[in-house]
Each structure stands twice: as structure tokens, then as C-alpha cells.
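>>> Predicted structure and sequence below. I'll ask about it afterward.
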Amino acid sequence: MSILMCRPDFFGIEYEINPWMKVRNPVDREQASKQWQDLYLSYRRLDQTIDLVEPRPGQPDMVFTANAALVHDRKAVLSHFAYPERQGEEPFWWAALYDRGFEMKLLPGGVAFEGAGDALFVGDRLFAGYGFRTDIEAHRLIGEALDVEVVSLELVDPRFYHLDTCFCPLTRDVVMYAPDAFAPASARTIRQRVAHVIEVPIDVAVAFACNAINVGGRVLSSQGVESLKHDLKHAGFSVLPLPMTEFIKAGGGVRCLSLPLD
Ligand code: ARG
């Protein structure tokens, strides 16, 4: 797998656009850099290719590459951020993905969409979140742009403002998800559409345990994933918990820091 990452050189809490971010709870820069490096080295040890995008001053959330776009089949649907605080990242993401040879797809102006943070494939089907950062109108447009079926899921808890904070596809038939972060009908949809679901209690999900990625049967996540070890083992996975405290201060974890490009 090739994974897009961005060094946390300019990372910090400079504004508050989700309930995790508190300007008065600043990032320990040294720790952040160490935690990011640990993730980077973990991927390298698992033989993943890391593709680095240049961090930009004044764009403290660029470290969260998952929000750049949704990529699929050499096409990239560029994000349009809900909050002006992050909209300045858009031209950098456009250039980074265009330079890497992706066929760029843009949504019509004014439609909010936050990339792989709110849209994740389970097999060939795209599961997309709405309610906080992505407009539901975006779902149909993405489905058309990529020619894929989209399953819309309503997020209801502001702490889980992106789909990838409470939903993680592990294989084409296994997902882990936090039912309480979804409207009841959406939680039901997940159970109906996916063969095997691992339910994550909300008190575990708040540690960003669902913000994870499966690399060859190893689930890389924040330390909170320890409490899911047995369920995951039962489903055939092992866990690789990583310290993510500094990124959680911004409302992000392992998955947010990673954008798989293939
Ligand atoms: N501070 C960032 C924001 O609120 C965190 C983004 C986390 N990314 C994610 N894919 N969940 O936009």
C-alpha cells in the first residue's frame, strides 16, 4: 500500500472546529513529532510505502491527510472543507494529488465534503457520513464521479464528527463501528449491509480506537484499541496500539494521519 502522510511541522491547535480542540490545551510539539514518527516507522516496518506531502505554514491540520480527498481507481474527489479554517488546504491537496497523476474530480462550489474522513469503502461499496462536515448532497455527486454505490450514514454525536472516528472497514466483510455515534437507522443499515460487525462501546471509541487501519491483518490504532484486542483476535486480527495523545487533542488519530492511495 502507498500511504500519503504529512509531517506535523506546523501542527497545533490554532482554532476550535470540533469538540476535541481547545486552544488552551496546546500540543506538545516534541511528543507530536515522536508519535507521528512512530506511526511512520510502523508503516515502514510493515513494508508500506510512505508518500510525503510538504507541510505548509498556517495549515496546522494538514497533518490529517485523510481529509485531502477521496481516492479510488486513480481518481481523486477533492475535499471542500466545511469550515473556512481548513479551506486554505484545498489548493495544496489539489496540487499534491494532481502531481501524483490522479484524475481530479471537483464538487460544485459550496458542497462540503471532507474526503476519506467521511467516505470509506467496504468492498466496492462506499459508506459515507453526513451530519457535521460533509453535506448529504455530496454523497450522490461522489457516487456519480466515481461510479460507485454509496450508502449514506447519519452521524449524531459531535465528538464523532467524521465517519472515520467511529467506523472502520477492516476487510470487505468486517467493520468495526461505534453504534452510538450513528442515528439508529444508520446503525441498522451498517448491521444489514456488512456480514460481520465488531461493535465498539462509546467509551472505547472516545479513545479513537475506531480511527484505525488494517495492514495485512494488523490493526494500527491508538492505545484505546487494546480493549478491543479479544474481539479483533476472534475476527482474525492482531492490534498495534500507538500513542496518539497529541493528535487526539485536535480530534484525530491513526487513520486521520493516513491516506491510502491505492
Ligand atoms: N482538527 C481536524 C479537524 O477538525 C481533525 C481532522 C481529523 N481527521 C479525520 N479524518 N477524522 O478537521
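That came through, no problem.

>>> and this structure, which residues reach the ligand?
Residues of the chain found near the ligand (Cβ under 6 Å from any ligand atom) are 17-18, 21, 61, 64, 66-67, 86, 117, 162, 164-165, 250-252, 256. Just so you know, the C-beta spots here come from the backbone N, C-alpha and C atoms, and that holds for glycine as well.

>>> For the helix ranked longest in the chain, which helices and strands make contact with it?
The residue-count maximum for a helix in the chain (DSSP state H) belongs to helix 29-45. Under the contact definition 3 or more Cβ pairs under 8 Å, 6 or more residues apart in numbering; DSSP states H and E, helix 29-45 sits against strand 2-6, strand 49-53, strand 218-222, strand 238-242, helix 245-248.

>>> so which of those comes closest to Pro91?
Each of these was scored for nearness to Pro91 using Cβ to Cβ, and the closest is strand 49-53 (12.5 Å).

>>> Show me the contact partners of that closest one.
1-7, 40, 43-44, 62, 65, 68, 92, 96, 100, 261 (Cβ atoms under 8 Å, 6 or more residues apart in numbering).

>>> can you do 6 Å?
The contact list for strand 49-53 (Cβ atoms under 6 Å, 6 or more residues apart in numbering) reads 2-6, 43, 96.

>>> So which of these is the closest to Gly224?
Proximity of the contacts of strand 49-53 to Gly224 (Cβ to Cβ) peaks at Tyr43, which lies at 19.4 Å.

>>> Count the neighbours of that closest one for me.
Tyr43 has 20 neighbouring residues, counting by other Cβ atoms under 10 Å.

>>> would CSV of the helices and strands packed on helix 29-45 with mean neighbour count and mean pLDDT be doable?
CSV is the format used below for the helices and strands packed on helix 29-45 (neighbours: other Cβ atoms under 10 Å; pLDDT from 0 to 100):
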stretch, mean neighbour count, mean pLDDT
strand 2-6, 21, 98
strand 49-53, 15, 98
strand 218-222, 23, 98
strand 238-242, 18, 98
helix 245-248, 22, 98
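
>>> buried set for the longest helix of the chain?
Within helix 29-45, the residues that qualify as buried by neighbour count (16 or more other Cβ atoms under 10 Å) are 32-33, 35-36, 39-40, 42-43.

>>> Now do the residue in the stretch 1-150 of the chain positioned nearest to the ligand, the pLDDT please.
Residue nearest to the ligand within the stretch 1-150 of the chain: Gly117 (3.0 Å; Cβ to the nearest ligand atom). At Gly117, the model reports a pLDDT of 98.

>>> Just confirm it contacts Thr65, I think it does.
No: applying Cβ atoms under 6 Å, one finds Gly117 not in contact with Thr65, separated by 9.7 Å.

>>> So which residues of the stretch 151-262 of the chain form strands?
For the stretch 151-262 of the chain, applying DSSP state E, counting those that start in this stretch gives strands covering 167-169, 174-177, 196-199, 213-215, 218-222, 238-242, 259-260.

>>> Could you dump those strands into CSV with distance to Ala82 added?
Below are the strands of the stretch 151-262 of the chain laid out as CSV (distance: least, Cβ to Cβ, whole Å):
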stretch, distance to Ala82
strand 167-169, 18
strand 174-177, 22
strand 196-199, 28
strand 213-215, 24
strand 218-222, 24
strand 238-242, 28
strand 259-260, 18
